[in-house]
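**Student:** Okay, sequence plus prediction incoming.
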Amino acid sequence: MWTLTLSLSSLLSASFFYPLEFQIGQILLVDHLALIISTAVTLFSSIVLSYSARYMAGHKKLRRFLINCVLFTVSALLMAISNHVLLFIASWLSMGLLMAELIGGYTKYHEGKASKKNARNYFLVSTALVAAGLLWLAMLTGAWSISEIISLVEQDRQLVIWQASLLLIAGAVVQSALFPFQRWLMSSMTAPTPASALMHAGFVNAGAVLLTRTATVIYMSDLLWVLVMVGGIGALIGKFSKFVQANIKQKLACSTTAQMGFMLLQCGLGFFSAAVAHLILHGFYKAYLFLSSGSNVVQESPYNGDSKRSWKQWYLPVTLLSGLAGGWLFAISTGKGLELNSGLFLTFVIVLTVIHGAQDFLGRSSLPLLSRLIALPLIIIPALLAYAVIFNGISVLMQQTPMAEVALPIGWDQITIGVLYLATFLTIELKWYKKSRRLYVYLLNVSQPKSNTILQ
């Protein structure tokens, strides 16, 4: 199995160097987007399957667990290359049902059964929304392949109705566990760690694949602002909720909702290729964090978990300079942020991220002062360049994907979320959120799993 999956990954990777796009009737479509997603899925799956064989050694349901993981992988691959509306819906549904089984089928009976039922209900809602949106478009255009629907929409803007786009967006939001649908993800902690890694590395990312496949429809329905608002707010709630968690896996779940929110926000900015790049990077990073989560267990209060961080006034100019330098490096290496359009928002987020990372490094590092100042650019520059290479590489590969990257004029939605992002950044960095018990309780409540899914 491991040899097969790795060989498939190598074959798919080699195909990137050739201008490839072919269809099998109206059923399957293999293009660079399908190859990117398929390669990521097979790599994630091979890693998780290899880990599972050791992690669950001796478990009476190990064989069943591995079979379900393989079936889930097949469903995800089928979703990536599906072109027929009915086949895409079927693969989306099968992914949800198999993931529900992985979440609740291998732990204590009562909690596992409850979490399985809870997840399955959310996934059925997501499937119903996606099915309604795609079927609506199929009936409207008279076409049953996604590529043909996109082609007809490009020829006649009047064929696009906002209701279908709104249904597709809602289905992606549920699948991505964004507010107010985040509780299915918070209630999935009954899943074995390998299943959590597979879920957070691939399953919740499926919304970006759906939105990228239907980018033309959503763009022409003028509903990208909905993605900006929903993704931005979901990211903020997930980011804040992470700070009030005491459980490692709950922290990672909140982090995932934040990352999925930013991923959908990138779609709303018109950068669907950036969302796909984010999907892959987040998948690798989150799979690693879940598979290594046992080594990070410590006893601490969520209120005082970062009490070891020290702050000095001279950090401020250093971190600000690092953020501006990081934003400039990202802008010149990707071309985003050099013009007055939605690319500025991506650069703005990079600036805030670098400032936060620099402050965290300076405050926590045990290295001498001079060593920290020397090491900071040595960490930031390679990291940003690596991100830029992946970002640009995915953008080049997806050039033939309709509407994969269309910079938008700066609008009220981007300004609103930008102000909220800046306010959130200041609230987190200056620890203002710790001064509000009301905010703490709200965030704790909104990120709680359902009581019957908590392992006793």
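**Tutor:** Received, thanks.
**Student:** ok, for residue 205, nearest residue in space, not its chain neighbours?
**Tutor:** The shortest distance from residue 205 to any non-neighbouring residue, by CB to CB, 6 or more residues apart in numbering, is to residue 279 (4.4 Å). All C-beta spots, glycine's among them, are computed from the backbone N, C-alpha and C.
**Student:** just checking, the one you found touches residue 207?
**Tutor:** No. Using CB atoms under 8 Å, residue 279 is not in contact with residue 207; the gap is 9.2 Å.
**Student:** Neighbour count: the two, which is higher?
**Tutor:** residue 207 (29 against 26; other CB atoms under 10 Å).
**Student:** returning to that earlier point: so what's in contact with residue 279 and residue 207 at the same time?
**Tutor:** Counting by CB atoms under 8 Å, 6 or more residues apart in numbering, the residues touching both residue 279 and residue 207 are residue 263.
**Student:** The residue positioned nearest the centre of the chain in helix, strand or coil?
**Tutor:** Note on the chain: the residue nearest the mean C-alpha position is residue 260, at 3.6 Å, using CA atoms, centre = their mean. Secondary structure, DSSP: H, G, I helix; E, B strand; the rest coil: residue 260 is helix.
**Student:** Where does pLDDT dip in the protein?
**Tutor:** Applying pLDDT under 70 to the chain picks out residues 1-22, 107-108, 156-160, 293-314, 364-365, 455-456.
**Student:** Give me the domain ranges for it.
**Tutor:** Domain ranges of the chain: 2-297, 315-446, per automatic domain parsing.
**Student:** Turn these into JSON lines, including distance to residue 452.
**Tutor:** JSON lines is the format used below for the domains of the chain (distance: least, CB to CB, whole Å):
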{"stretch": "domain 2-297", "distance to residue 452": "4"}
{"stretch": "domain 315-446", "distance to residue 452": "16"}
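**Student:** Any idea which of those gets closest to residue 453?
**Tutor:** Minimum separation from residue 453 across the domains of the chain (CB to CB) falls at domain 2-297, 4.0 Å.
**Student:** Can I get the helix or strand where residue 290 lies in PDB? Just the C-alpha atoms.
**Tutor:** Assigned by DSSP states H and E, residue 290 belongs to helix 272-291. Output of helix 272-291 as PDB, limited to C-alpha atoms (Å, rounded to 0.1, in the frame of the first residue of the first chain):
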ATOM      1  CA  PHE A 272      -8.300  30.800  -5.400                       C
ATOM      2  CA  SER A 273      -4.800  29.600  -6.300                       C
ATOM      3  CA  ALA A 274      -3.500  31.100  -3.100                       C
ATOM      4  CA  ALA A 275      -6.300  29.200  -1.200                       C
ATOM      5  CA  VAL A 276      -5.100  25.900  -2.800                       C
ATOM      6  CA  ALA A 277      -1.500  26.700  -1.800                       C
ATOM      7  CA  HIS A 278      -2.700  27.400   1.700                       C
ATOM      8  CA  LEU A 279      -4.700  24.100   1.700                       C
ATOM      9  CA  ILE A 280      -1.500  22.100   0.900                       C
ATOM     10  CA  LEU A 281       0.700  23.900   3.400                       C
ATOM     11  CA  HIS A 282      -1.900  23.800   6.200                       C
ATOM     12  CA  GLY A 283      -2.400  20.100   5.400                       C
ATOM     13  CA  PHE A 284       1.200  19.200   5.900                       C
ATOM     14  CA  TYR A 285       1.600  21.400   9.000                       C
ATOM     15  CA  LYS A 286      -1.500  20.300  10.700                       C
ATOM     16  CA  ALA A 287      -0.900  16.600  10.000                       C
ATOM     17  CA  TYR A 288       2.500  16.900  11.600                       C
ATOM     18  CA  LEU A 289       1.000  18.700  14.700                       C
ATOM     19  CA  PHE A 290      -1.600  16.100  15.300                       C
ATOM     20  CA  LEU A 291       0.700  13.100  14.800                       C
END
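**Student:** all numbers from here: first residue = 15
**Tutor:** Got it, the first residue is 15 from now on, which makes the last one we talked about helix 286-305.
**Student:** Give me the packing partners of the next helix or strand after it, helices and strands only.
**Tutor:** For helix 286-305, the succeeding helix or strand toward the C-terminus, using DSSP H and E, is helix 329-348. Under the contact definition 3 or more CB pairs under 8 Å, 6 or more residues apart in numbering; DSSP states H and E, helix 329-348 sits against helix 357-378, helix 383-411.
**Student:** Now tabulate the ones you listed in CSV and tack on distance to residue 103.
**Tutor:** Output for the helices and strands packed on helix 329-348, formatted as CSV (distance: least, CB to CB, whole Å):
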stretch, distance to residue 103
helix 357-378, 32
helix 383-411, 26
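**Student:** which of those sits most buried?
**Tutor:** helix 357-378 (a mean of 20; mean count of other CB atoms under 10 Å).
**Student:** what angle do it and helix 329-348 make?
**Tutor:** Interaxial angle of helix 357-378 relative to helix 329-348 (axes from the mean of the first three to the mean of the last three CA atoms, to 10 degrees): 140 degrees.
**Student:** quick one: helix 357-378 to chain centroid distance?
**Tutor:** 19 Å (CA atoms, centre = their mean, to the nearest Å).
**Student:** which other helices and strands contact it?
**Tutor:** With contacts taken as 3+ CB pairs under 8 Å, 6+ apart, helix 357-378 sits against helix 329-348, helix 383-411, helix 426-443.
**Student:** which one of these lies closest to residue 281?
**Tutor:** helix 426-443 (12.7 Å).
**Student:** got a list of contacts for the closest one?
**Tutor:** For helix 426-443, contacts defined as CB under 8 Å, 6+ apart pick out 239, 242-243, 246-247, 250, 253-254, 257, 279, 282-283, 356, 359, 362-363, 366, 369-370, 373, 422, 446-447.
**Student:** Which positions within that helix qualify as buried?
**Tutor:** 427-428, 431-432, 435, 438-439, 441-443 (16 or more other CB atoms under 10 Å).
**Student:** Compute the inter-axis angle for that helix and helix 357-378.
**Tutor:** Going by the same axes, to 10 degrees, helix 426-443 makes 0 degrees with helix 357-378.
**Student:** Tell me the first helix or strand C-terminal of helix 426-443.
**Tutor:** Per DSSP H and E, helix 426-443 leads on to helix 451-460 as the next helix or strand towards the C-terminus.
**Student:** Can you tell me how far residue 125 is from residue 424?
**Tutor:** 47 Å (CB to CB, to the nearest Å).
**Student:** Compare those two (neighbour count), which wins?
**Tutor:** Using other CB under 10 Å, the more surrounded residue of residue 125 and residue 424 is residue 125, with 21 against 16.
**Student:** Secondary structure of the more buried one: a helix, I assume?
**Tutor:** Yes. Judged by three-state DSSP, residue 125 forms part of a helix.
**Student:** distance between stretch 231-243 and the chain's centre?
**Tutor:** What separates the centre of stretch 231-243 from the centre of its chain is 18 Å, taken as CA atoms, centre = their mean.
**Student:** May I have it as CSV, with CA atoms only?
**Tutor:** The C-alpha coordinates for stretch 231-243 follow below in CSV (Å, rounded to 0.1, in the frame of the first residue of the first chain):
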residue,chain,number,x,y,z
VAL,A,231,-20.0,31.0,-11.0
ILE,A,232,-19.3,32.6,-7.6
TYR,A,233,-17.3,35.4,-9.2
MET,A,234,-20.1,36.3,-11.7
SER,A,235,-22.7,36.2,-9.0
ASP,A,236,-21.0,39.0,-7.1
LEU,A,237,-20.9,37.0,-3.9
LEU,A,238,-17.2,37.0,-3.2
TRP,A,239,-17.8,39.6,-0.4
VAL,A,240,-19.7,36.8,1.4
LEU,A,241,-16.6,34.7,1.5
VAL,A,242,-14.5,37.6,2.7
MET,A,243,-16.9,38.3,5.6
